[in-house]
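Visitor: Just to be clear, the model below is a prediction. Sequence and coordinates:
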Amino acid sequence: MRPLITTTELAGLLGTPEQPTLLDIRWRLGGPPGHQVYKLGHLPGAVFLDMDTELAGPPGNGGRHPLPEPTILQRALRRAGVRADHPVVVYDDADGSAAARAWWLLRWAGHSAVALLDGGYAAWRGAGHAVTTVEPEPTPGDIQVRPGAMPVLDAEQAAELATAEHPGVLLDARAAQRYAGHQEPIDPRAGHIPGARNAPISEQVDAAGHWLSPAELAERFATLGVRATEPVGAYCGSGITAASLVLALEVAGHPEPVALYSGSWSHWCTDPNRPVATGETP
């Protein structure tokens, strides 16, 4: 299954035996609560999943949004009707980065048939497709969460990947102001992992929220030093938006899954012994 699906493709599947399980992953760091906006309207049949309680573990030593416990994730996915042999489509109402977290978690859990709705809720509404306020009661799914199908990095591995002596690239998904250390509204220290290269996720979608073409994404990542023959890692503030870098690289045709530093900056910067770099360049 391709990592992106268009509104036209998805609309053609609704009401057929091939209709995928739909997951609504609306979330914003500053609110409003995702379930609140979900109740105002969502795709027919879509089930809401909560980022903070179902798609992440409790904040702590592992960062602000550590990976969820497999049993908790499995319970949430089964409640939403996710089946082991059936495709899933995820969406949000912003730039796709929240939905990409669910896409990545499903892949990490061993479920390969998952796609993200290109353009999300806005594109669906803009195309004139129906929405509803009815909350479905799906038949419980049978997915078995088996972690490990997508690579992850710890702090030491991320640091090694970012060094000039190591082949490969570590990409920072945050906005340029946070990467450079000019602004840090959340975490206790500002800056970036030394050697990491800034790849703001805002630059991988157009003004309407649609993802750039595979060729455009490939060109963008090439300018950042990404090579098909070398490893790539990604991180962000707390491990959520970096998942969209992983997805974008897959869309761009990168041959191997990109490793995610799940603790990301919220984990890195809490240790005073870890170095911090500032400025616009690695």
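Guide: Great, that's in hand.

Visitor: wait, what's in contact with Thr53?
Guide: Listed by Cβ atoms under 8 Å, 6 or more residues apart in numbering, the contact set of Thr53 is empty. C-betas here are computed from N, CA, C, even on glycine.

Visitor: any idea of the pLDDT on it?
Guide: What the model reports as pLDDT for Thr53 is 96.

Visitor: Distance of it relative to His267?
Guide: According to Cβ to Cβ, to the nearest Å, Thr53 stands 19 Å off from His267.

Visitor: before we move on, what about Ala102?
Guide: Distance of Ala102 to His267, given as Cβ to Cβ: 21 Å.

Visitor: ditto for Ala76
Guide: In terms of Cβ to Cβ, Ala76 sits 23 Å off from His267.

Visitor: neighbour count winner among those two?
Guide: Using other Cβ atoms under 10 Å as the criterion, Ala76 and His267 rank with His267 on top: 25 against 21.

Visitor: So for the more buried one, what's the nearest residue that isn't a sequence neighbour?
Guide: Among residues not flanking His267 along the chain, Gly63 sits closest, at 3.8 Å (Cβ to Cβ, 6 or more residues apart in numbering).

Visitor: My read is that that neighbour contacts Ser266, right?
Guide: Yes. Taking contacts as Cβ atoms under 8 Å, Gly63 lies within contact range of Ser266: 4.0 Å.

Visitor: shared neighbours, the two?
Guide: Residues touching both Gly63 and Ser266 (Cβ under 8 Å, 6+ apart): 238-239.

Visitor: which of the two has more neighbours?
Guide: Between Gly63 and Ser266, counting by other Cβ under 10 Å, Gly63 is the more crowded of the two (25 against 21).

Visitor: how about that one, phi and psi?
Guide: Backbone torsions for Gly63, taken as degrees, to the nearest 10, come to phi 120, psi -180.

Visitor: quick one, what contacts it?
Guide: Applying Cβ under 8 Å, 6+ apart, the residues contacting Gly63 are 238-239, 262-264, 266-267.

Visitor: and if you look at Glu160?
Guide: Glu160 touches His166, counting by Cβ under 8 Å, 6+ apart.

Visitor: That one in helix, strand or coil?
Guide: Here Glu160 takes the helix state, with states given by DSSP: H, G, I helix; E, B strand; the rest coil.

Visitor: now the one 10 residues further on
Guide: Following three-state DSSP, we place Leu170 in the strand state.

Visitor: burial count for the closest residue to Tyr121 other than its chain neighbours?
Guide: When the adjacent residues along the chain are set aside, Tyr121 lies closest to Asp93, with 4.0 Å between them (Cβ to Cβ, 6+ apart). Residue neighbour count, defined by other Cβ under 10 Å, stands at 24 for Asp93.

Visitor: measure Asp93 to Val131 for me?
Guide: 11 Å.

Visitor: so where's the stretch 101-250 of the chain uncertain?
Guide: For the stretch 101-250 of the chain, no stretch is flagged by pLDDT under 70.

Visitor: pretty sure the residue nearest to Tyr121 is touching Trp27, no?
Guide: No. Checked against Cβ under 8 Å, the pair Asp93 and Trp27 is beyond contact range at 9.3 Å.

Visitor: Pull the distance from the longest helix anywhere in the chain to the chain's centre.
Guide: The longest helix of the chain (DSSP state H) is helix 97-108. Distance of helix 97-108 from its chain centroid, counting by Cα atoms, centre = their mean, to the nearest Å, is 5 Å.
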